[in-house]
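1. coords please:
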Amino acid sequence: MMKDPYSNEAERIEEEDHDGEPLYDNRIDAANAVKYTAYVMLFMGFLYFLVAFILPMFD
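-> Numbering: from 1, shown residues only. This next block holds a predicted model:
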């Protein structure tokens, strides 16, 4: 049956039961993964700088 478009009745919205961890825990885990990936990339860039530019000065 179709709903009356001019009806002022509010629809009932049922909340879904989420099994496991809440959504914000997953967001925190994802943010930490991005943060530590950035740290590793910066460290690798620093090592590349040392090997490519600083070490040849001592030869």
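
2. Let me know how buried D29 is, in neighbour terms.
-> Neighbour count for D29, taken as other C-beta atoms under 10 Å: 11. Quick note: C-beta positions are derived from backbone N, CA and C, even for glycine.

3. and it, what element?
-> In this structure, D29 sits in helix 23-49 according to DSSP states H and E.

4. Over to Y6?
-> Going by DSSP H and E, Y6 is not in any helix or strand.

5. number of nearby residues for it?
-> Y6: 5 surrounding residues under other C-beta under 10 Å.

6. Run through the chain and note the low-pLDDT ranges.
-> For the chain, applying pLDDT under 70 flags the ranges 1-5, 7-21.

7. give me the number of residues near K35?
-> Neighbours of K35 under the rule other C-beta under 10 Å: 9.

8. What of N32?
-> Close neighbours of N32, defined as other C-beta under 10 Å, add up to 10.

9. Please apply the same query to the one 10 residues further on.
-> With neighbours defined by other C-beta under 10 Å, the count for L42 comes to 10.

10. go on, P22?
-> P22 is flanked by 9 other residues according to other C-beta under 10 Å.

11. Might you report the residue contacts of it?
-> Under the criterion of C-beta atoms under 8 Å, 6 or more residues apart in numbering, P22 has no neighbours.

12. Could you measure from it over to F58?
-> Counting by C-beta to C-beta, to the nearest Å, the gap from P22 to F58 is 54 Å.
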